[in-house]
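In: build me a structure from this.
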Amino acid sequence: AIPPTILQAPTDWTDTQDYFDAPNDGTNMYAVGGVLGARGRNVRFTDCEYDWVNDHEDLGIASSRILGGTPIGGWSDHGTAVLGEIWAQDNGFGMTGGVTNCEVWMSTEYSSTFGYNPTQAIINAAANSSADDVILLEMQTSGPGGYCPEEWTQASFDAIQNATLAGIHVIEAGGNGANDLDSSSYNGVFDLNVRDSGAVIVGAANSRQLNKSWFTNRGSRIDCQAWGDSIPSTGYGDLYAAAGTDTEDYTSYFSGTSGASPIVTSAAISLIGAMKAHGMTPPDPITLRDAFRQTGTPQAASDIPSGRIGSQPDMEELFDWFGLPDGLRQDATATLGGTVDFIFEGQANEDWALYLAFDSSISTTIYGTRIIGNQGLRLLGSGTLNAAGQGSFSQVVPNRASLSGREFFTQVLFTGAGNDRFSNGGVTLVR
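Out: You can find the predicted model right below:
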């Protein structure tokens, strides 16, 4: 939503957020944005770090969503940039986060209540979370060679492990120490055969290149990677800043494993939200971590001998890995009077029928899971896939003010090829 009483940024920079683009550039988040649930519906997310400009115009998060008391202050741009990657609202200006429909909370590690205590921030976040929720640790600590993941600290490791054993997913920045976490100086702390917190630990890659950033930690404990530089988001003000306020600042250059971890966090939230929306049971933390390790766009082969940072997530591959229904992709947003494009994929020459409703409800049918409800239910279009099993359809959104701010839900019924079935559900927000 557009917050009141403040001006909007002068432009929409969403098209610069290439870390959500198709591989090899990004994580394919844009491709699944119109899949029901893929923008984080019914998933609670908590960011653990110092501070935030939570009332930034592109965020608009109430201060009551901050756990642990009042942040003492400092590094609020950092938290603002993290939240921008994940949750900046799809409102036609500024940035757009990967999972704009998730429920956002913040847990400060430096509070007027308990001082500086990263472990307490993790404990507070976990206490406010349930199984299938997601916690992001935007923190690092000092180890033998410099900065390393927070779980080097035993108390934080214990707090993380308690969370993951409860089914809460923890995504952890890998740290900017430029160290090999397999080094003997760590005494096996980052060896999964010695101890395992259950967290997903994220390394940083040079943008679009799939090879290590110079500063990132590396090693067998790093599960996956994402961009570590040139990350457009909210905060800082190098891209745009308005005089006298930090609520309208934007950046082109967020970086570090701090910038990489929100990209992976968005992937985790997206998968969990999509699975919930389709009546599926999301994976436990270890199973999701294994999927991040086994899918995605691989680290550049020439870069692996000098240390592992893993693959960059690919949302389409991740959805396939967990057996989400497919067959329908559509625009995540549309404007009054604009066009929504639908892409179908199935078997050669089978028939398709595209249905639309203004509500969503899960039910089991002979064709698989139906996710569209009955409010305004109608047949939007029908046809036959080509010999390659592909088809498309476009629909103009009526220019009616009553549709602004509403979502419409869609689903395709494929028939005629011996495997009659429903596609995944789709959703488009009209703004």
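In: my guess is residue 288 contacts residue 269. True?
Out: No: the criterion here is Cβ atoms under 8 Å, and residue 288 misses it with residue 269 at 10.9 Å. Bear in mind the C-beta positions are built from the backbone N, C-alpha and C, glycine included.
In: any regions of the protein where pLDDT drops low?
Out: Low-confidence segments of the chain, defined by pLDDT under 70: 1-9.
In: tell me which of residue 288 and residue 269 has more neighbours.
Out: For residue 288 versus residue 269, the count of surrounding residues by other Cβ atoms under 10 Å is larger for residue 269: 32 against 25.
In: could you say which helix or strand contains that one?
Out: helix 257-277 (DSSP states H and E).
In: next one: residue 154 from residue 184, what distance?
Out: Residue 154 is 19 Å from residue 184, where distance means Cβ to Cβ, to the nearest Å.
In: quick one, which of those two is more surrounded?
Out: Taking neighbours as other Cβ under 10 Å, residue 154 and residue 184 compare with residue 154 leading, 11 against 8.
In: dihedrals phi and psi, the more buried one?
Out: Per-residue torsions, residue 154: phi -60, psi -40 (degrees, to the nearest 10).
In: what of residue 146?
Out: phi 120, psi -150.
In: one more: residue 284?
Out: The phi/psi pair for residue 284 (degrees, to the nearest 10) reads phi -70, psi 170.
In: residue contacts, it?
Out: The contact partners of residue 284, by Cβ atoms under 8 Å, 6 or more residues apart in numbering, come to residue 167.
In: switch to 10 Å and redo it
Out: When contacts are counted by Cβ atoms under 10 Å, 6 or more residues apart in numbering, residue 284 touches 131, 132, 164, 165, 167, 168, 169, 198, 290.
In: I'd like the distance from the helix or strand where residue 369 lies to the chain centre, please.
Out: Counting by DSSP H and E, the element that carries residue 369 is strand 368-372. Put simply, strand 368-372 sits 24 Å off its chain's centre (Cα atoms, centre = their mean, to the nearest Å).
In: contacts for the very next helix or strand once past it, please.
Out: As assigned by DSSP H and E, the chain's next helix or strand after strand 368-372 is strand 378-384. Applying Cβ under 10 Å, 6+ apart, the contact partners of strand 378-384 are 340, 342, 344, 348-358, 391-395, 408, 410, 412-413, 415-416.
In: what is the end-to-end distance of stretch 31-51?
Out: The first residue of stretch 31-51 is 32 Å away from its last residue (Cα to Cα, to the nearest Å).
In: buried ones in that stretch?
Out: Buried residues in stretch 31-51, counted by 16 or more other Cβ atoms under 10 Å: 31-41, 43-51.
In: can you list which of those are found in strands?
Out: The strands, defined by DSSP state E, take in 44, 45, 46, 47, 48, 49 from these.
In: ok, for residue 75, nearest residue in space, not its chain neighbours?
Out: Of all residues not flanking residue 75 in the chain, residue 50 sits nearest, at 4.3 Å (Cβ to Cβ, 6 or more residues apart in numbering).
In: quick revisit: let me have the ones in strands among the buried residues of stretch 31-51 in TSV, extended by distance to residue 137.
Out: Formatted as TSV, those follow (distance: Cβ to Cβ, whole Å):
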residue	distance to residue 137
44	16
45	12
46	10
47	9
48	5
49	8
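In: how much space is there between residue 127 and residue 313?
Out: 28 Å.
In: higher neighbour count, the two?
Out: A direct count of neighbours by other Cβ under 10 Å for residue 127 and residue 313 places residue 313 higher, at 28 against 10.
In: how about that one, what does it touch?
Out: Contacts of residue 313 (Cβ under 10 Å, 6+ apart): 23, 26-29, 202, 224-226, 263-264, 266-268, 270-271, 291-292, 295-297.
In: so residue 203 sits in a helix?
Out: No: under DSSP: H, G, I helix; E, B strand; the rest coil, residue 203 falls outside any helix and is assigned strand.
In: bridged to it, which residues?
Out: residue 225 (DSSP bridges).
In: neighbours around it, how many?
Out: Residue 203, neighbours per other Cβ under 10 Å, totals 31.
In: might one say that it is in contact with residue 260?
Out: Yes: the pair residue 203 / residue 260 is scored as a contact, 6.7 Å apart, by Cβ atoms under 10 Å.
In: what do these two both touch?
Out: Common contact partners of residue 203 and residue 260 (Cβ under 10 Å, 6+ apart): 173, 174, 213, 216, 224, 225, 226, 228, 309, 312.
In: as JSON lines, those residues with distance to residue 431 and neighbour count would be great.
Out: Formatted as JSON lines, those follow (distance: Cβ to Cβ, whole Å; neighbours: other Cβ atoms under 10 Å):
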{"residue": "173", "distance to residue 431": "32", "neighbour count": "29"}
{"residue": "174", "distance to residue 431": "36", "neighbour count": "34"}
{"residue": "213", "distance to residue 431": "35", "neighbour count": "24"}
{"residue": "216", "distance to residue 431": "37", "neighbour count": "26"}
{"residue": "224", "distance to residue 431": "32", "neighbour count": "30"}
{"residue": "225", "distance to residue 431": "33", "neighbour count": "34"}
{"residue": "226", "distance to residue 431": "27", "neighbour count": "30"}
{"residue": "228", "distance to residue 431": "32", "neighbour count": "29"}
{"residue": "309", "distance to residue 431": "37", "neighbour count": "32"}
{"residue": "312", "distance to residue 431": "29", "neighbour count": "30"}
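In: among the residues you listed, which two are most distant?
Out: Within these, 173 and 312 form the most distant pair, 15.7 Å apart (Cβ to Cβ).
In: show me where this protein has its helices.
Out: For the chain, the helices defined by DSSP state H occupy 29-32, 76-87, 118-127, 154-165, 257-277, 285-294, 315-321.
In: could you save the ones you listed as a markdown table and add columns showing distance to residue 112?
Out: As requested, these are exported to a markdown table (distance: least, Cβ to Cβ, whole Å):
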| stretch | distance to residue 112 |
| --- | --- |
| helix 29-32 | 36 |
| helix 76-87 | 15 |
| helix 118-127 | 13 |
| helix 154-165 | 21 |
| helix 257-277 | 23 |
| helix 285-294 | 32 |
| helix 315-321 | 39 |
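In: follow-up on the earlier one: which among the shared contacts of residue 203 and residue 260 gets closest to residue 72?
Out: For the shared contacts of residue 203 and residue 260, the residue nearest residue 72 by Cβ to Cβ is residue 173; the value is 20.7 Å.
In: contacting residues for the closest one?
Out: By Cβ under 10 Å, 6+ apart, residue 173 lies in contact with 49, 82, 136-140, 147, 149-150, 201-204, 216-217, 256-262, 264.
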